[in-house]
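Trainee: Build me a structure from this.
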Amino acid sequence: MPEPDGGPVRAREPFRARPGWRVLAVVALGGLLGGTARYVLGLAIPAPAGTFPLTTSAINVSGSFLLGLLVGLGARHGLPVQVMTIVGAGFCGACTTFSTFSDDLVHLCEKGQVRQSLLYAVASLSVGPAAAAARLALGAL
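Mentor: Take a look at the predicted model:
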């Protein structure tokens with residue numbers, strides 16, 4: 001089938017994102033800040049071993065909320081891509097981590113806290129996205 005302009009069909013190269021060094025630096029800076037924030041909050045508000053990981057849950061839900069706000073504001077007001085990159089991919093990506101959630105879940109299971117682990121898994125996998133969706137809707141106002 002010919003192209004819409006009548007020319008011959010050409011094989012198209014698949015899209016490949018090639019971020020420049022500035023984008024990588026911005027994401028790294030946001031990640032440094034987000035990872036540091038997570039670490040400091042974990043030290044400041046430690047959850048006792050074998051109990052519901054409230055600190056990780058609060059960090060992940062608040063990060064999801066912040067990401068939803070960012071995307072909502074970006075959609076409504078057109079935030080600069082640099083802000084979306086440093087806060088969204090960098091800060092929120094490093095602050096809210098699936099690996100910490102997974103580690104906490106494994107520790108609860110190892111301690112025999114099956115009910116706590118199920119509650120934690122269900123709460124984390126439902127409340128985080130719900131917070132992001134709610135804030136996305138509010139940010140778009």
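Trainee: isn't V23 right up against T85?
Mentor: Yes - V23 lies in contact with T85 (CB atoms under 8 Å); the separation is 6.3 Å. Backbone N, C-alpha and C define where each C-beta goes, glycine included.
Trainee: mind listing what the spatially most central residue of the chain touches?
Mentor: Centroid check for the chain by CA atoms, centre = their mean gives G93 as the closest residue, at 4.3 Å. G93 sits next to V27, G30, G31, G34 when contact means CB atoms under 8 Å, 6 or more residues apart in numbering.
Trainee: And for the last one, the neighbour number?
Mentor: What that stands for is G34. 24 (other CB atoms under 10 Å).
Trainee: Local confidence estimate at it?
Mentor: G34 carries a pLDDT value of 93.
Trainee: For it, list the residues it contacts.
Mentor: G63, G90, F91, C92, G93, A94, C95, T96.
Trainee: rerun at 10 Å
Mentor: Applying CB atoms under 10 Å, 6 or more residues apart in numbering to G34 gives the contacts 59, 63, 66, 86-87, 89-97.
Trainee: Same question for the first one.
Mentor: In this structure, V27 makes contact with P19, T85, I86, G88, A89, G90, F91, G93, A94, judged by CB under 10 Å, 6+ apart.
Trainee: Is it correct that the fourth one is in contact with P80?
Mentor: What that stands for is G88. No - using CB atoms under 10 Å, G88 makes no contact with P80, being 11.8 Å away.
Trainee: So for these two, which residue has more residues nearby?
Mentor: Counted by other CB under 10 Å, G88 and P80 do not tie: G88 has more neighbours, with 19 against 9.
Trainee: shared neighbours of G88 and P80, which are they?
Mentor: With CB under 10 Å, 6+ apart as the test, G88 and P80 both reach G74.
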